[in-house]
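# Could you work out the structure for the sequence below:
(one chain, ligands or ions: 2)
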Amino acid sequence: MPVEHSGHQGGPCGKRVGEEGWRLGWSVPGMARREEQAEGDNHLSLAGNERRPALVASLGTLGLWLQDMADSAQAQKLVYLVTGGCGFLGEHVVRMLLQQEPRLRELRIFDLHLGPWLEELKTGPVQVTAIQGDVTQAHEVAAAVAGAHVVIHTAGLVDVFGKASPETIHEVNVQGTKNVIEACVQTGTQFLVYTSSMEVVGPNIKGHPFYRGNEDTPYEAVHRHPYPSSKARAEQLVLEANGRKVRGGLPLVTCALRPTGIYGEGHQIMRDIYYQGLRLGGRLFRAIPASVEHGRVYVGNVAWMHVLVARELQQRPALMGGQVYFCYDKSPYKSYEDFNMEFLGPCGLRLVGTRPLLPYWLLMLLAALNALLQWLLRPLLLYAPLLNPYTLAMANTTFTVSTNKAQRHFGYEPLFSWEESRTRTIRWMQAMDSSAQ
Ligand SMILES: NC(=O)c1ccc[n+]([C@@H]2O[C@H](COP(=O)([O-])OP(=O)(O)OC[C@H]3O[C@@H](n4cnc5c(N)ncnc54)[C@H](O)[C@@H]3O)[C@@H](O)[C@H]2O)c1
Ligand SMILES: CC(C)CCC[C@@H](C)[C@H]1CC[C@H]2[C@@H]3[C@H](O)C=C4C[C@@H](O)CC[C@]4(C)[C@H]3CC[C@]12C
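Ligands and ions are numbered 1, 2, ... in the order given. From the prediction side, this is the model:
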């Protein structure tokens, strides 16, 4: 069923956060690492001093305190830059870094649109620097990168609905990535993590299934749509840049993460589908056979993978440099629509039909009609429904991942179980619902 798509995926954070009164819940399961570490250190110094005479104890305490200061000055030395740090994924990466990267001294957040939620981060122990900038502007990127140890490049134009021109998509995704690479080389930044996409592999335009494949599974990657083409080209540039000498003579170390369809708190398309369902009286109509598997991964786990890969890239450059990793977790293999129902169901929506209500040829016709309408109306208005020939092919082609490469190379385990990911997403949707009423 064609459903109207009201906003782009993610979008300016100002709008997103303000609109819903939504905040990410930032207690990561079993991992209040910084706090635990600090507490542990305190216990250690107290226990050590208890048995000594008073003067020795205070000198000892002073010594330990000075040692602590020196250690933490040494430990908190890294500067990270997250491009696109106010996007759907970017915000999660930013918050995850603040929680899980104890060596962080400064976190730079570079985005076209900065969100008001950044203010709340500025009171913490890490210096948070918000930089409003455009990745297509080489000088802005270079200024932001200068002095950073690690760049996590998530900024991108995610558009499969025909909202932006192919030229703009290329400019942001390809030229923007070139600018990031050149900035690293010129300013001497050694580590670059790129957020790629499963779409650099597929589904391809021939509709070949990719059934629980891994990074080495042969697949005919053929792209025509501007978004996957631009992501594929950008990924290639990032991987080719691995080993280039950066300013100062050290080699650039790069790698790319390929998320499948990300879901979780802040997911714009999920929200659009939810509101569409409400408008249809709490019903959605099945369009895709339940047997077509579509890979999904929880945003918190994708963010965690970014943090971990950025950390371990510095420890194992020879193994990880120039590598690609699919992002995966324990989310179940389901069709796009059945997976969405895991969250939409508890919010009161119902998926009607065990089989698609319309035959596939009719859906294709509707998708083609939407594309034609988009083209005809372009001089007057932007018509960008969810259903078009490309999104239909995406949803209707099996593409799922089964791999443990990230675990083997850098010890990745999902931080959030499927139950936790599901609960968090449902909670977010319910909060969104109550704030809309
Ligand atoms: N959402 C998914 O399912 C998914 C899946 C695989 C890969 N990805 C990739 O993950 C990354 C983040 O995607 P997202 O879903 O969070 O999208 P998003 O639109 O929410 O975030 C992208 C961010 O980039 C910023 N940005 C766009 N153009 C920019 C420019 N010219 N200069 C500076 N910043 C700019 C946007 O303002 C936004 O904050 C993208 O690179 C995307 O290709 C997303
Ligand atoms: C045919 C309709 C009934 C349903 C339309 C759903 C469609 C909008 C969905 C289906 C698959 C989705 C894409 C998929 O999850 C993976 C990605 C990769 C990522 O890099 C960007 C987002 C994207 C393209 C999803 C967009 C929305 C899609 C096409």
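# For the protein, which segments count as strands?
78-83, 104-111, 127-132, 150-153, 191-195, 210-213, 253-259, 261-263, 283-285, 296-298, 323-327, 350-352, 399-401 (DSSP state E).
# With Leu387 as the reference, measure out to the closest residue to Lys330 other than its chain neighbours.
In space, and not counting its chain neighbours, Lys330 is closest to Trp418: 4.4 Å by CB to CB, 6 or more residues apart in numbering. Heads up, the C-betas are built off the backbone N, CA and C, glycines and all. Here Trp418 is placed at a distance of 28 Å from Leu387 (CB to CB, to the nearest Å).
# thought Leu107 was touching Gln99?
No: using CB atoms under 8 Å, Leu107 is not in contact with Gln99; the gap is 11.4 Å.
# Looking at the two now, which is surrounded by more residues?
Leu107 (24 against 21; other CB atoms under 10 Å).
# Enumerate the beta-bridge partners assigned to the more buried one.
Tyr80, Val128 (DSSP bridges).
# Who has more neighbours out of Trp418 and Leu387?
More crowded of Trp418 and Leu387, by other CB under 10 Å: Leu387, with 23 against 15.
# What does the pLDDT read for the more buried one?
On pLDDT, Leu387 comes in at 95.
# So the closest residue to Ala371 other than its chain neighbours versus His225, what's the distance?
In this structure, Ala371 finds its nearest non-sequential neighbour in Asn388, 5.3 Å apart by CB to CB, 6+ apart. Going from Asn388 to His225 by CB to CB gives 10 Å.
# which residue is nearest the middle of this structure?
Leu89 (3.1 Å; CA atoms, centre = their mean).
# Kindly tell me how buried the residue of the stretch 51-200 of the chain found nearest ligand 2 is, as a neighbour count.
Nearest residue of the stretch 51-200 of the chain to ligand 2: Ser197, at 3.3 Å (CB to the nearest ligand atom). Using other CB under 10 Å, Ser197 has 24 neighbouring residues.
# Spatially, what comes nearest to it if we skip its sequence neighbours?
Using CB to CB, 6+ apart, the nearest residue to Ser197 is Lys231, at 4.7 Å.
# Provide a list of residues in contact with Met198.
Residues in contact with Met198 (CB atoms under 8 Å, 6 or more residues apart in numbering) are 258-261, 295, 326, 399, 401.
# Closest to ligand 1 out of those?
Pro259 (3.8 Å).
# Next, the buried residues of stretch 85-105.
By 16 or more other CB atoms under 10 Å, the buried positions in stretch 85-105 come out as 85-102, 104.
# remind me which residues of the chain are low pLDDT?
Low-confidence segments of the chain, defined by pLDDT under 70, are located at 1-76, 435-437.
# tell me which parts of it are close to ligand 2?
158, 160, 197-199, 261, 269, 287, 294, 336, 386-387, 391-392, 394-395 (CB under 6 Å from any ligand atom).
# what does the stretch 151-300 of the chain have sitting close to ligand 1?
Looking at ligand 1, the residues of the stretch 151-300 of the chain close enough under CB under 6 Å from any ligand atom are 154-158, 172, 176, 195, 197, 231, 259, 261-262.
# Return the members of the residues you listed classed as buried.
The neighbour-count criterion (16+ other CB under 10 Å) marks 154-158, 172, 176, 195, 197, 231, 259, 261-262 among these as buried.
# mind putting those in JSON lines, distance to Thr423 included?
Shown next, in JSON lines, are those (distance: CB to CB, whole Å):
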{"residue": "Thr154", "distance to Thr423": "25"}
{"residue": "Ala155", "distance to Thr423": "29"}
{"residue": "Gly156", "distance to Thr423": "28"}
{"residue": "Leu157", "distance to Thr423": "31"}
{"residue": "Val158", "distance to Thr423": "26"}
{"residue": "Val172", "distance to Thr423": "34"}
{"residue": "Gly176", "distance to Thr423": "35"}
{"residue": "Thr195", "distance to Thr423": "25"}
{"residue": "Ser197", "distance to Thr423": "26"}
{"residue": "Lys231", "distance to Thr423": "31"}
{"residue": "Pro259", "distance to Thr423": "20"}
{"residue": "Gly261", "distance to Thr423": "19"}
{"residue": "Ile262", "distance to Thr423": "17"}
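# between these, which is nearest Val352?
Of all these, Val352 sits closest to Gly261, with 22.3 Å by CB to CB.
# Show the contacting residues for the closest one.
Contacts of Gly261 by CB under 8 Å, 6+ apart are 198, 294-297, 336.
# Quick check: bridge partners of Lys245?
Pro251.
# how close does it sit to Cys184?
Following CB to CB, the distance that separates Lys245 from Cys184 is 11 Å.
# swap in Cys327?
22 Å.
# Spit out the contact partners of the nearest residue to Glu140 once chain neighbours are set aside.
The shortest distance from Glu140 to any non-neighbouring residue, by CB to CB, 6+ apart, is to Gly133 (3.9 Å). Gly133 sits next to 110-112, 140-141, 143-144 when contact means CB under 8 Å, 6+ apart.
# Would you mind checking these for buried ones?
110-112, 140-141, 144.
# Which positions within stretch 282-290 qualify as buried?
For stretch 282-290, using 16+ other CB under 10 Å, the buried residues are 284-288.
# all helices in the stretch 251-400 of the chain, in order from the N-terminus.
Assigned by DSSP state H, counting those that start in this stretch, the stretch 251-400 of the chain shows helices spanning 268-279, 299-315, 317-320, 336-344, 360-377, 389-395.
# okay if I get those helices as a markdown table plus mean neighbour count?
Compiled in a markdown table, these are given as follows (neighbours: other CB atoms under 10 Å):
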| stretch | mean neighbour count |
| --- | --- |
| helix 268-279 | 19 |
| helix 299-315 | 23 |
| helix 317-320 | 16 |
| helix 336-344 | 21 |
| helix 360-377 | 15 |
| helix 389-395 | 19 |
